[in-house]
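J.: only geometry, no sequence info:
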């Protein structure tokens, strides 16, 4: 008979490691399968470790991303402490490399690695950033349909810190950065960049720089990592382009100042290599084809030098002629549409009740202004204090912007999941802002945003290089814009017709939202769930939606037409998405991300002044 702890029936042991033992378990009441990790007793008996561990577990429980193993519960039972995690049916990346296929087929390796980068960029985007510190192939799970799930975020770091181990070298030597060996207390997100680079190294050639040397000791490994005496992956497998090799070696540079600054920068740099054909097999790369200037001349270390500005965040905007097939309109067609829209004054937009449909097909709902209580006393700490907000009337999208609408304006579809009626996703905040301006021009409206580049300082200089993008509002423009965070929550609550539902339109998540309980791990066509009190769809679930505001604390007891802090590092995201747990789809739940970040969960809806 299987052992039962709390409400979980332990079915079989999946494995064990330095932290504890992991079981496959079934929830006795819900009949759901989970992975349950029991911590070794020495951790649970140390009060300092336990306090830090519990605090970290609470943080991890709030994380929600398709490429991260979710933590759903933590409990103690008969003197032992347990973590309840998402159960992932699949193999570890280490098993795939060593036991199945050896060097992973290049297109597959790039696809898997980009998912790892998305998950790590999400974790690093939190304030303060969460650092994994033990990223390696055994901690990366791959499902049968090649979905990446990264495991063991943060826990190991907390347990080590609780034992006073911030000054003790711990981890798997091969994947450890030099600074984590020399001075573990000094590490930042670039230690994970190193581990990512070493993982990609192994994916490309099925070996690490130390493979095959049975005599090498951990001390010798540490010495070679610190000195940077590591051969390129082409020493083990020659079919890797020079540009891709330089990319890997930049990630594992011994000097963290010469590495990529973040997982997000790695993601965009890899995309540029893909566009230039540098991720295919070396024999497939023609003479002169690839990324000019990737290696800096005169770098005597043999490593790729600092990226030029072309390899930071991509240039602002998406070229109007950057088509990818499947429903894109031609340049001539777009120009004709623009002329037609410019000649129309749009006083003739079709109106029905509180809804407006423009000649470009955008459907908007008129939201009457009013006063409401913003936030929640029952949610996360950033939803407090609950405070009174008064808003003027405004227009907001009946649905999130769809892929068909995006393509008709921008010319190509960046979405992971494809379908004309699906919400567009994989959208940066900057992309959403540019869409607003382009659509305004098509309809003969005044663009709402003023967009310019300026000299970068501080955080943005480290992320984007010498320039940063600055977006400002142009006053009382009649053009399209993103809703403010307050407008978004007011509309999601049903405006002045609110029935105070937990989710947008219902207290039943499944009635109004596509989320992790019903989405089938994908987005769905907009408008299939029931609307809220004023006829707006999909404000809970499906895709997160960008808002105008920088993320900040709620402070004022009452505000009128708030637009958030004047500056910051993270833009607000609202509504939850297709992989979110139900609580993250609540109308009061607040999310955020760097404005240059994008993934398959990020979309937006339009707003306009009334």
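T.: Perfect, I can see it now. It should be emphasised that the depicted structure is a prediction, and the values quoted were computed from it without experimental measurement. Residues are numbered from 1 along each chain as shown.

J.: can you tell me the centre-most residue of this structure?
T.: By CA atoms, centre = their mean, the chain has its centre lying nearest to residue 122, at 4.1 Å.

J.: Three-state assignment for the closest residue to that one other than its chain neighbours, please.
T.: Spatial nearest neighbour of residue 122, excluding adjacent residues (CB to CB, 6 or more residues apart in numbering): residue 65 at 4.6 Å. All C-beta spots, glycine's among them, are computed from the backbone N, C-alpha and C. With DSSP: H, G, I helix; E, B strand; the rest coil as the basis, residue 65 sits in coil.

J.: which residues of the stretch 401-550 of the chain fall in strands?
T.: 449-455, 467-473, 544-550 (DSSP state E, counting those that start in this stretch).

J.: now the angle from the second one to strand 544-550?
T.: Meaning strand 467-473. Interaxial angle, strand 467-473 versus strand 544-550 (axes from the mean of the first three to the mean of the last three CA atoms, to 10 degrees): 90 degrees.

J.: off-centre distance for strand 467-473?
T.: Distance of strand 467-473 from the chain centroid (CA atoms, centre = their mean, to the nearest Å) equals 22 Å.

J.: angle of it against strand 449-455?
T.: Going by the same axes, to 10 degrees, strand 467-473 makes 150 degrees with strand 449-455.

J.: remind me which residues of the stretch 201-350 of the chain are low pLDDT?
T.: 212-216, 281-350 (pLDDT under 70).

J.: at 50 instead, please
T.: Applying pLDDT under 50 to the stretch 201-350 of the chain flags residues 282-334, 336-348.

J.: same question, the chain
T.: For the chain, the ranges with pLDDT under 50 are 1, 156, 158-170, 282-334, 336-348, 459-466.

J.: domains for it, by residue range?
T.: Taking automatic domain parsing as the criterion, the chain consists of the domains 4-86, 90-301, 331-609.

J.: of all the strands of the stretch 401-550 of the chain, which one comes closest to residue 29?
T.: The minimum distance between residue 29 and the strands of the stretch 401-550 of the chain falls on strand 544-550, with 30.5 Å, by CB to CB.

J.: does the residue nearest to residue 122 really touch residue 124, like I thought?
T.: No: judged on CB atoms under 8 Å, residue 65 makes no contact with residue 124 at a distance of 11.6 Å.

J.: re earlier: so who does the residue nearest to residue 122 touch?
T.: Residue 65 sits next to 118-119, 122-123, 579, 599, 601 when contact means CB atoms under 8 Å, 6 or more residues apart in numbering.

J.: what does residue 84 give?
T.: Residue 84 neighbours (CB under 8 Å, 6+ apart): 8, 25, 34-36, 71-75.

J.: in JSON lines, list those residues along with distance to residue 587 and neighbour count.
T.: Formatted as JSON lines, the contacts of residue 84 follow (distance: CB to CB, whole Å; neighbours: other CB atoms under 10 Å):
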{"residue": "8", "distance to residue 587": "32", "neighbour count": "23"}
{"residue": "25", "distance to residue 587": "33", "neighbour count": "28"}
{"residue": "34", "distance to residue 587": "28", "neighbour count": "20"}
{"residue": "35", "distance to residue 587": "31", "neighbour count": "20"}
{"residue": "36", "distance to residue 587": "32", "neighbour count": "26"}
{"residue": "71", "distance to residue 587": "24", "neighbour count": "23"}
{"residue": "72", "distance to residue 587": "22", "neighbour count": "14"}
{"residue": "73", "distance to residue 587": "24", "neighbour count": "16"}
{"residue": "74", "distance to residue 587": "27", "neighbour count": "19"}
{"residue": "75", "distance to residue 587": "29", "neighbour count": "14"}
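
J.: one step back: how far away is the residue nearest to the centre of the chain from residue 130?
T.: Going from residue 122 to residue 130 by CB to CB, to the nearest Å gives 9 Å.

J.: hey, what's in contact with both of the two?
T.: residue 63.

J.: re the thing from before, just list the residues touching the residue nearest to the centre of the chain, thanks.
T.: The contact partners of residue 122, taken as CB under 8 Å, 6+ apart, are 63, 65, 67-68, 593, 597, 599.

J.: which single one of the residues you listed is nearest to residue 134?
T.: Distances from residue 134 to those, taken as CB to CB, are shortest for residue 68 (14.2 Å).

J.: so how far is residue 20 from the closest one?
T.: Counting by CB to CB, the gap from residue 68 to residue 20 is 19 Å.

J.: next one: residue 448
T.: 53 Å.

J.: who has more neighbours, these two?
T.: residue 448 (25 against 21; other CB atoms under 10 Å).

J.: residue 473 is in contact with that one, correct?
T.: Yes: with contact defined as CB under 8 Å, residue 448 and residue 473 form a contacting pair (6.5 Å).

J.: which residues do those two both contact?
T.: residue 481.

J.: tell me how far the ends of stretch 557-571 are from each other?
T.: Distance between the two ends of stretch 557-571: 22 Å, counting by CA to CA, to the nearest Å.

J.: do stretch 66-75 as well
T.: One end of stretch 66-75 sits 24 Å from the other (CA to CA).

J.: contact partners of that stretch?
T.: With CB under 8 Å, 6+ apart as the criterion, stretch 66-75 contacts 6, 34-35, 54, 57-58, 60-61, 63-64, 81-86, 88, 115-116, 118-119, 122-123, 141, 147-153, 521, 579, 581, 599-601.

J.: pull out the buried residues from the residues you listed.
T.: 6, 34-35, 57, 60-61, 63-64, 81-86, 88, 115-116, 118-119, 122-123, 141, 148-153, 579, 581, 599-601 (16 or more other CB atoms under 10 Å).

J.: and the gap between the residue nearest to residue 69 when sequence neighbours are not counted and residue 420?
T.: Of all residues not flanking residue 69 in the chain, residue 151 sits nearest, at 4.5 Å (CB to CB, 6+ apart). For residue 151, the distance to residue 420 (CB to CB) stands at 36 Å.

J.: and for residue 173?
T.: In terms of CB to CB, residue 173 sits 50 Å off from residue 420.

J.: which of those two has more neighbours?
T.: Using other CB under 10 Å, the more surrounded residue of residue 173 and residue 420 is residue 173, with 19 against 15.

J.: verify the stated contact: that one with residue 219.
T.: No: the pair residue 173 / residue 219 is not scored as a contact, 9.0 Å apart, by CB under 8 Å.

J.: from residue 366, how far off is residue 550?
T.: From residue 550 across to residue 366, the span is 27 Å (CB to CB).

J.: can you mark which positions in stretch 6-19 are buried?
T.: For stretch 6-19, by 16+ other CB under 10 Å, it's 6, 8-10, 19.

J.: tell me which of the residues you listed is nearest to residue 538?
T.: Looking across the buried residues of stretch 6-19 and measuring by CB to CB, the closest to residue 538 is residue 8, at 34.1 Å.

J.: need the nearest residue in space to the closest one, chain neighbours excluded.
T.: residue 25 (4.2 Å).

J.: got a list of what that neighbour touches?
T.: 8-11, 33-36, 84.

J.: kindly reformat those as CSV containing secondary structure.
T.: CSV is the format used below for the contacts of residue 25 (three-state DSSP):
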residue, secondary structure
8, strand
9, strand
10, strand
11, strand
33, strand
34, strand
35, strand
36, strand
84, strand
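
J.: mind listing what residue 211 touches?
T.: By CB under 8 Å, 6+ apart, the neighbours of residue 211 are residue 236.
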